[in-house]
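[1] Model the structure of this input:
(one chain, ligands or ions: 2)
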Amino acid sequence: MHEMKKPRKIPFFLGFLCFLVLLSASFSAASRPSSTTKKPSVIFPVSGNVYPNGYYHVTVNIGQPPKQYFLDIDTGSDLTWLQCDAPCVKCTPAPHSPYKPNKNLVTCKDPLCASLHWPANYQCEALDQCDYEVEYADSGSSLGVLVQDFFPVRLTNGSISAPRVAFGCGYNQEVPGSNPPYTDGVLGLGTGKSSILSQLQGLGLIRNVVGHCLSVQGGGFLFFGDGLVPSSGIVWTSLSSKSFEKHYSLGPADLLFGGQASGVKGLSIVFDSGSTYSYFTSQAYSALVSLLKKDLNGKKQLHDAVDDKSLPVCWKGPKSFKSVSDVKSYFKPLALVFTNAKNVQFQLQPEAYLIVTKQGNVCLGILNGTEVGLGNFNVIGDISLQDKLVIYDNEKQQIGWAPANCNRLPNVDRDYSEGNYQSYAAMLPTSL
Ligand SMILES: *[C@@H]1O[C@H](CO)[C@@H](O)[C@H](O)[C@H]1NC(C)=O
Ligand SMILES: *[C@@H]1O[C@H](CO)[C@@H](O)[C@H](O)[C@H]1NC(C)=O
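    Numbering: from 1, shown residues only. Ligands and ions are numbered 1, 2, ... in the order given. Sure, this is the predicted structure:
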């Protein structure tokens with residue numbers, strides 16, 4: 001029997017869904033009114049790609065003296081964690097040796113711990129430590145204790161700061177699939193109070209904003225704070241306000257195929273950089289696959305590549321392909337039209353929904369979310385986030401995007417000063 005190879009990584013946010021019940025308690029600090037004055041940002045170069053790696057990661061420094069760790073970028077979950085020698089019961093292969101805690105446990109009396117465990121009445125035990133467990137949709141998980149340590153960062157205003165932040169010290173990890181991300185842990189960038197973003201905001205360092213620019217060629221950059229948010233050129237959409245949707249969700253949206261209505265309407269969308277591919281609900285997925293097949297049948301150049309098990313739907317051409325640009329002309333662009341807002345579209349060029357495999361075939365990078373239990377959500381994963389500047393603003397409760405060249409890091413040392421974002425702006429579309 002032929003078995004479909006599971007995608008390497010499926011969205012992190014479902015675990016977050018289970019966990020969100022625990023995370024959604026409001027933190028004791030009152031939310032501050034946002035003013036229009038910008039605060040600085042922190043920039044991280046990004047490594048990785050959609051295929052073949054399946055994830056993007058940043059390098060962070062943690063501790064005193066600081067040590068480097070690679071963390072998977074995940075806007076679909078809140079808690080940041082590192083594999084940890086506490087001792088490590090079950091650590092998975094990682095690029096660096098596990099983090100060594102140093103009597104820096106967050107106690108279970110800390111409001112952050114309470115926020116992790118709400119509404120279950122967390123009993124402070126004799127040990128006084130704050131246990132956590134996070135489970136992801138792909139059945140990966142991390143179990144450990146909360147610790148607090150220095151997180152030295154260089155702000156774009158030139159200052160160096162070493163705030164203490166709380167994160168998970170994970171001593172028991174389960175990884176899904178045969179080829180999990182080769183990282184030391186996860187950088188949780190979700191909407192919740194336990195995220196590092198929210199903690200840095202609480203310390204008054206940055207605004208609770210995160211942005212990423214993931215390049216089709218691999219790599220890119222990530223930033224915290226609003227210091228690098230362009231004042232124009234970004235299309236903004238409000239986050240869904242439904243209280244149970246604590247992740248970055250938008251909608252409803254209708255799907256366009258080649259600029260035409262596809263009949264697929266009212267989609268709930270979640271942006272999740274922790275997912276390699278994008279996922280549509282079964283109905284939307286099935287409509288998309290038939291539209292693509294019908295369109296390709298008319299062109300008679302591509303044929304089903306049933307022997308390529310990289311992803312469920314693949315096509316082969318007259319000769320083997322090297323990159324998506326070789327097949328671009330066969331495929332129409334897709335777009336999500338947000339019907340609650342005026343003229344708000346999220347464009348998906350062929351690069352944002354196709355990969356070219358090692359076998360030289362082209363495969364659909366939008367998968368059947370119903371098959372992996374995503375329910376009603378349509379997940380926009382890394383593949384569809386590429387070559388765009390995507391900004392998640394937790395203070396204004398909105399997500400914005402613009403097409404961008406993600407290959408160049410903003411040259412902050414040379415170019416950043418109040419009101420001078422030139423080199424950064426150079427990466428953005430010329431319309432800015
Ligand atoms: C940079 O910003 C931080 C926090 O937002 C602030 O504490 C610091 O004083 C600023 N540094 C300079 C040089 O303006
Ligand atoms: C998507 O997955 C569901 C659940 O496994 C299945 O019933 C459905 O047929 C799938 N849809 C398509 C178009 O493959």
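[2] For stretch 104-111, give the mean pLDDT please.
    The average pLDDT for stretch 104-111 rounds to 90.
[3] ok, now stretch 231-238?
    92.
[4] try stretch 117-124
    67.
[5] Where does the residue in the stretch 201-350 of the chain that ligand 2 sits nearest to sit, in terms of helix or strand?
    Closest approach between the stretch 201-350 of the chain and ligand 2, counting by C-beta to the nearest ligand atom: residue 286, at 3.4 Å. For the C-beta atoms, the positions are set from N, CA and C on the backbone; glycine is no exception. In the assignment (DSSP states H and E), residue 286 maps to helix 282-299.
[6] Go ahead and name everything in contact with the next helix or strand after that helix.
    Per DSSP H and E, the first helix or strand lying C-terminal to helix 282-299 is strand 303-304. With contact meaning C-beta atoms under 8 Å, 6 or more residues apart in numbering, strand 303-304 is reached by 314, 315, 316.
[7] at 7 Å instead, please
    Outside strand 303-304, the residues that touch it by C-beta atoms under 7 Å, 6 or more residues apart in numbering are 315, 316.
[8] Next SSE downstream of it?
    strand 314-316.
[9] Now the helix or strand just after that next one: average pLDDT?
    Toward the C-terminal end, the helix or strand that comes next after strand 314-316 (DSSP H and E) is strand 334-338. Across strand 334-338, pLDDT averages out at 98.
[10] Sheet-wise, list the partners of strand 334-338 with their directions.
    strand 249-257 (antiparallel), strand 344-348 (antiparallel) (DSSP bridges).
[11] Relative to the whole chain's centre, how far out is the longest one?
    Put plainly, it is strand 249-257. Its chain's C-alpha centre and that of strand 249-257 lie 19 Å apart, by C-alpha atoms, centre = their mean, to the nearest Å.
[12] partners of the helix or strand just after it in the sheet?
    Sequence order places strand 260-261 as the next helix or strand after strand 249-257, per DSSP H and E. Taking DSSP bridges as the criterion, strand 260-261 sits next to strand 249-257 (antiparallel) in its sheet.
[13] Using CSV, write out every CA atom in the strand it pairs with.
    Output in CSV follows, covering the C-alpha atoms of strand 249-257 (Å, rounded to 0.1, in the frame of the first residue of the first chain):
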residue,chain,number,x,y,z
SER,A,249,-6.1,34.8,12.9
LEU,A,250,-7.7,36.9,10.2
GLY,A,251,-10.8,36.6,8.0
PRO,A,252,-13.1,35.8,6.5
ALA,A,253,-11.3,35.6,3.2
ASP,A,254,-12.3,34.5,-0.3
LEU,A,255,-9.9,32.6,-2.6
LEU,A,256,-9.1,34.0,-6.1
PHE,A,257,-7.6,31.8,-8.7
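[14] Now tell me what touches that strand from outside.
    237, 239-240, 261-262, 264-270, 284, 291, 332, 334-340, 399.
[15] So residue 294 versus ligand 1, what's the distance?
    Distance, residue 294 to ligand 1, by C-beta to the nearest ligand atom, to the nearest Å: 54 Å.
[16] ugh, wrong one, I meant residue 331
    Taking C-beta to the nearest ligand atom, one finds residue 331 at 45 Å from ligand 1.
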